[in-house]
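1. coords below, sequence missing:
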């Protein structure tokens, strides 16, 4: 019965009756079995105190409606009933308890019915709920619209996560007065930069041939030859700009060790401000593969870097640091020699096995404007001044006609332009210049609902999206930003509605670097990559972790997703793959040899890897940092890979351990067995734990382990052998992770395909899926399975299905 | 003495008052007025309310006394050590539960509203008015700010707070407030701008909202019910700013209080951040900028500033991990140390509006606690009270409500009533809490 919860197998018949997508959505019947199975049990064990005669705690169950959809009050009460039965608080100790079988029947019915009622109550009739731009979308949209690559979201609060683990769900995205104030401020700040006044600011130009001498507390020294703990520093004391685009040119050559392999990695870091959290910031990182001397050019905007307040603090000036991070964590070798005074001192000596970088010069130029006024100013003001000299109102109207459709992602009617233009005229006397009043008018554009929300008006009924709305939906899905010129042109010509045109666009968009936004966002949310941020690695068990380990775990999973999407590989690779993506540091961690450099690349997988279940992000994120976590990993498999999440834990669950020191020494598997023996825990855990047991061979840091260590502090208090076997609820016995992967790819292939399809579909539209979406999910997944579950093709199917282009 | 200002443009302030009574720093007033004001005040002593939530709770063995009685006589757990000198000025109350809170991870979201946030309403989450906002409606009329909400950086979930705020408006929408002491500083002391500049800015800012509000209302007609609800958020947020602007306008002739305090720096985190926020609360009361404050304290930030790399959520799963137990104790002690320091200051600072020369402590009602007891238990939540505003409460005791799971709303009802808010019951309260000390 529990399976009714989320699996779709039971649903299709019901939906065939629903007819077309535009029919009024109907929800399937609630799970049955109350009258003939559940009620008799309650009658025997509960109604005595909660029935006609007595209503202890003012709870009466015999008259409580079993229709949780019509009767919301009853739903609340049943919810509480589930809680107390789950915890074993009811029936109370002095009354006859439920048998295991009875508990199972009652709880299965409650779980299924409550879940079902929740879904029905929260149904939005299969419509997308008005979506505010997410924090990321706002950043990208402002950047692309204004051509200003600066941080626009400093003060914008983070978005909440919806119950399905996504952050772009319209229902969950809120707006408050304070948030609105932040949007106003962000718009003002951005427009102050975008629209310039006055003459072109003076450009500063500095060239450094020798590193400035700076004492560093980190034990690093300054120099031109970049070995371990050496950096090249160019320090500009006063003559530097505070904002605007700058360029850094680094001329250097690689000096490789005789033994082939290690390659240097250049990192350019800008700024230094010790009084803030972010002391310095990386501008760029690059593996240096070319031999000989070359010049490398990097660009950025100074606003994005931590600069000291002028005239304050102990460390004034703009610092440009050039480092070789291939040697970042290498040991500094020294030998004792006599210095010129005859004293014994440690002198650094070169390690011939390390790759070096030799800096010849570092150049700083900024602010750099190819033209004045700069392009971002020109893109807004266009030819307004030439076309309508001496007529400010007409200039503004001209500017708005060009700017509005881009900003609002729609076709703009003349009244809208007029309204804004008359706003300009009204406020003009309050502002000292044309530009200032124009900025204020554009602030209005950037805080209006048409900018902050993905407006799809006229939504009383389901309807087809118009082509501009579709273009926006598509670009926010695959790029997390506004449509580019090509998409807007296609929308204008009404060409986007053709499935072939849509497919072409998907192919183009996935190749575009902006798809990196989709890859990062979706992979992170689907596979809960951020879980690693909530876990600390226990150094007493695993040693001190490499400072970049978590970042590398994160990158691994994101690059892995990108590889599968961009090469249109099968999504089955998420379960099992013959390749993996690593950089040198991660390869070192996984004990893979022969990988050099900081860039991620595809390599043949090592024996114990393959698929996301072997990714450090999953294994660490679903551990305790101390040991594996069978429960978290099991929930990951069921929820993230199979879309079959177990019911949430009831509140006030007693923690696993109690205070028995003997208990704490047991392996987690054994602890869980004891936990399962407790009837209060058994019902949930028998369906959860087995799914995580096959991952037991992997410790918290994702490495294979031969034994499970229990330590109190540094002291080993117990050692246990690793046991990766498990028996799934359907009776299947599996030996290890390979067994689980094979099982998932055969017995659960369809379910996995549907789970991934659901998640993509929900993400693509920014709404939770409902009962009425299930046939569609099944249809897309089936079709996709026929052509090998290729990921990019799956994305095409998502985009070309009717729901995606429906409001 | 009543100072009256006719509100010039917007008369739709929620309370509808046209005339405002403005008691504030008496030293700023001319001496003749001062005397009159003080006479006025003697009749009605001022009450100040503060609710603070800390995210995750404490471990049983570190914090919770097993029995009721005098705190000085009880064998208090180790977490209380830093509170030793102030034991006579706090009260711990037990057996209170936020009955409707069904969420084991998110203790603060409903702690002041006592609503079932994840119920069956049809919305993803829904909340109701929090008790501080009820208080603000009654006590906030004569101050520059009806109420102030202090908050912390909202990192990812796992800080034990949940949601984005602890204060909620009547319609259940959140009031996240200010996450940095600097923002609060500006709210209390204003920026360095002249009246003319302020008027000019207000006028400029105002024009945008006129048009936005109009726009919002005209589109709404064409939308589905759910879209309309969403856009309601947007129009409400605009109306809120308008209201705030109106209030600013009405207060424009009343200068911001002067201060010798320096501006707090940006980017503060954890312990220094909390201490500075405490200073801001004291400043807000001292200047009578507001009488109602809530503070959603930075659990994650505190741990970081204490040099702990674990997240609050990791600490809450202490299980039998001895090293996590130690970290929990450290944190509990830190919370108590900070709180004790705050009590010291409350007791040291004179309340400028107290005709009898009392301190801020004498006139305040302060709650410090949260919606989670320990780990993921949300029954019998931690409640520490301080301040002399509780009627008939003699501090220095651990008092236990007779019944387990007594609604937390009872405590809120008592705090509201004692502060002079005319209310019968707040949320799901079934009695007042004062019976346990009355």
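-> Arrived safely, thanks for sending. If you're wondering where the values come from, they're calculated on a predicted model, not measured in any experiment.

2. which element, helix or strand, includes residue A:193?
-> Per DSSP states H and E, residue A:193 falls inside helix A:177-194.

3. now swap in residue A:43 and tell me
-> Counting by DSSP H and E, residue A:43 is part of helix A:39-45.

4. who are the packing partners of that helix?
-> helix A:100-121 (3 or more C-beta pairs under 8 Å, 6 or more residues apart in numbering or on different chains; DSSP states H and E). Where C-beta positions appear, they are placed from N, C-alpha and C, glycine not excepted.

5. so what strands line up beside whatever helix or strand comes next after the helix it packs on?
-> Using DSSP H and E, the next helix or strand after helix A:100-121 towards the C-terminus is strand A:131-132. Each strand paired with strand A:131-132, and its direction, by DSSP bridges: strand A:453-454 (antiparallel).

6. and the next element down the chain from the partner strand?
-> Using DSSP H and E, the helix or strand that follows strand A:453-454 in sequence is helix A:467-478.

7. what lies in contact with that next one?
-> Applying C-beta atoms under 8 Å, 6 or more residues apart in numbering or on different chains, the external contacts of helix A:467-478 come out as A:137, A:168, A:409-411, A:454, A:456, A:465, A:481-484, A:487-488, A:490-492, A:494-497, A:502, A:505-506, A:509-510, A:514-515, A:518, A:763-766, A:795, A:799, A:804-805, A:807.

8. what's the answer for stretch B:114-121, then?
-> A:68, A:72, A:75-76, A:79, A:117-118, A:121, B:98-103, B:106, B:109-110, B:125-128, B:163, B:172, B:407-409, B:412, B:426-429.

9. just the ones of these in strands?
-> When the contacts of stretch B:114-121 are checked against strands (DSSP state E), the matches are residue B:407.

10. any idea how chain A splits into domains?
-> A:28-121, A:134-200+A:374-455, A:204-366, A:520-746 (automatic domain parsing).

11. let's have the ones you listed in CSV, adding distance to residue B:310 and mean pLDDT.
-> Output for the domains of chain A, formatted as CSV (distance: least, C-beta to C-beta, whole Å; pLDDT from 0 to 100):
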stretch, distance to residue B:310, mean pLDDT
domain A:28-121, 28, 86
domain A:134-200+A:374-455, 21, 93
domain A:204-366, 18, 89
domain A:520-746, 5, 90
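
12. so how far is residue B:246 from whichever residue of the stretch 251-400 of chain B sits closest to chain A?
-> Going by C-beta to the nearest C-beta, chain A is nearest to residue B:320 of the stretch 251-400 of chain B, at 3.2 Å. Between residue B:320 and residue B:246 the computed distance is 57 Å (C-beta to C-beta, to the nearest Å).

13. can you list the domains of chain A in a markdown table and add mean neighbour count and distance to residue B:352?
-> A markdown table is the format used below for the domains of chain A (neighbours: other C-beta atoms under 10 Å in any protein chain shown; distance: least, C-beta to C-beta, whole Å):
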| stretch | mean neighbour count | distance to residue B:352 |
| --- | --- | --- |
| domain A:28-121 | 16 | 48 |
| domain A:134-200+A:374-455 | 19 | 29 |
| domain A:204-366 | 16 | 34 |
| domain A:520-746 | 19 | 45 |
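
14. quickly list what residue A:570 is bridged to.
-> Where residue A:570 sits in a bridge, its partners, by DSSP bridges, are residue A:790.

15. pull the contacting residues for it.
-> By C-beta under 8 Å, 6+ apart, the neighbours of residue A:570 are A:564, A:788-791.

16. buried among those? Make that a ChimeraX selection.
-> Entered in ChimeraX, the line below selects the buried ones among these, by 16 or more other C-beta atoms under 10 Å in any protein chain shown:
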select /A:564,789,790,791
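
17. make a markdown table from the contacts of residue A:570 and add distance to residue A:386 to it.
-> Converted to a markdown table, the contacts of residue A:570 look like this (distance: C-beta to C-beta, whole Å):
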| residue | distance to residue A:386 |
| --- | --- |
| A:564 | 51 |
| A:788 | 57 |
| A:789 | 56 |
| A:790 | 52 |
| A:791 | 49 |
